[in-house]
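Participant: Sequence and predicted structure, then a few things I'm wondering about:
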Amino acid sequence: MTLFNAASHWANVFGILGNIVSFLVFLSPLLTFYRIFKRKSTEGFQSVPYSVSLFSAMLYLYYAFLKGDVNENGTLLITINSFGIAVEVIYLAIFMRYATREAKIYTTKLILLFNIASYGAIVGLTYMLGNSYLRLVSIGWICAIFSVCVFAAPLSIMRRVIRTNSVEFMPFPLSFCLTICAIMWFFYGLLMKDLYIAMPNILGFLFGIAQMVLYTVYRNRNKNNPNEDASDIEAVVVESQENAAPTT
């Protein structure tokens with residue numbers, strides 16, 4: 001087996017593993033939406049994380065199709081991001097079904113401005129570029145920058161852990177899965193020589209490790225801070241799940 005074929009083989013392995021772990025991460029809020037469905041109320045939960053995750057999946061799906069224009073294989077990116085789009089649309093539909101009138105209006109504006117207008121502007125502007133490779137590079141940088149912002153979102157959760165001495169709102173299994181997810185996609189991007197996937201996942205790996213270290217340090221400390229309301233804690237858990245959606 002030549003060096004090139006070996007790299008391609010292992011890239012596919014890491015890409016498939018990345019799909020599997022990302023699949024689980026996308027499904028992590030299922031219990032939350034079961035609660036929303038059961039109680040017929042969105043309570044204190046917000047729609048922003050789901051809109052952000054949908055936007056990220058849409059960006060990377062577009063990027064994957066652009067890879068085909070320059071004869072690069074983006075199949076593994078297409079599969080997981082297509083699934084991610086479908087799941088996030090379902091989440092948003094359920095949210096809209098049980099949200100208050102004010103939340104429905106806000107979510108509608110968010111989707112129109114963020115997921116439709118902003119995404120449409122990005123697609124339109126990049127398609128004005130005549131060169132396929134330049135188009136791919138442009139959207140690649142947009143994806144990488146947005147991914148860095150998404151990976152930085154859990155900083156607020158980590159700060160709250162330190163302030164409250166409680167890891168109740170930073171579940172270890174989720175941090176572990178996100179770290180493994182970042183590792184899989186980093187090696188996929190590295191072996192495929194796709195820096196727009198590899199680079200942001202370095203940050204994802206570092207934040208994942210930092211969260212697991214914090215969990216180890218604070219897990220035996222005070223778990224029930226009197227200043228933390230139970231509903232606030234649960235809302236933060238969901239926020240951390242969705243803001244740390246897999247970057248592919």
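Facilitator: Nice, thanks for sending it over. Numbers count the residues shown, from 1 in each chain.
Participant: Do a quick rundown of the helices in this protein.
Facilitator: Secondary structure of the chain (DSSP state H): helices at 3-26, 30-39, 48-69, 75-98, 101-110, 119-127, 132-152, 155-164, 172-191, 195-218, 230-243.
Participant: Compile those into JSON lines and extend it with columns for mean pLDDT and mean neighbour count.
Facilitator: Where C-beta positions appear, they are placed from N, C-alpha and C, glycine not excepted. Shown next, in JSON lines, are the helices of the chain (pLDDT from 0 to 100; neighbours: other CB atoms under 10 Å):
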{"stretch": "helix 3-26", "mean pLDDT": "87", "mean neighbour count": "17"}
{"stretch": "helix 30-39", "mean pLDDT": "87", "mean neighbour count": "14"}
{"stretch": "helix 48-69", "mean pLDDT": "92", "mean neighbour count": "21"}
{"stretch": "helix 75-98", "mean pLDDT": "95", "mean neighbour count": "18"}
{"stretch": "helix 101-110", "mean pLDDT": "93", "mean neighbour count": "14"}
{"stretch": "helix 119-127", "mean pLDDT": "92", "mean neighbour count": "13"}
{"stretch": "helix 132-152", "mean pLDDT": "89", "mean neighbour count": "18"}
{"stretch": "helix 155-164", "mean pLDDT": "81", "mean neighbour count": "16"}
{"stretch": "helix 172-191", "mean pLDDT": "90", "mean neighbour count": "21"}
{"stretch": "helix 195-218", "mean pLDDT": "90", "mean neighbour count": "18"}
{"stretch": "helix 230-243", "mean pLDDT": "45", "mean neighbour count": "18"}
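Participant: contacting residues around stretch 92-111?
Facilitator: 33, 36-37, 40-42, 45, 47-48, 50-51, 54 (CB atoms under 8 Å, 6 or more residues apart in numbering).
Participant: Figure out how far that stretch is from the centre of its chain.
Facilitator: 20 Å (CA atoms, centre = their mean, to the nearest Å).
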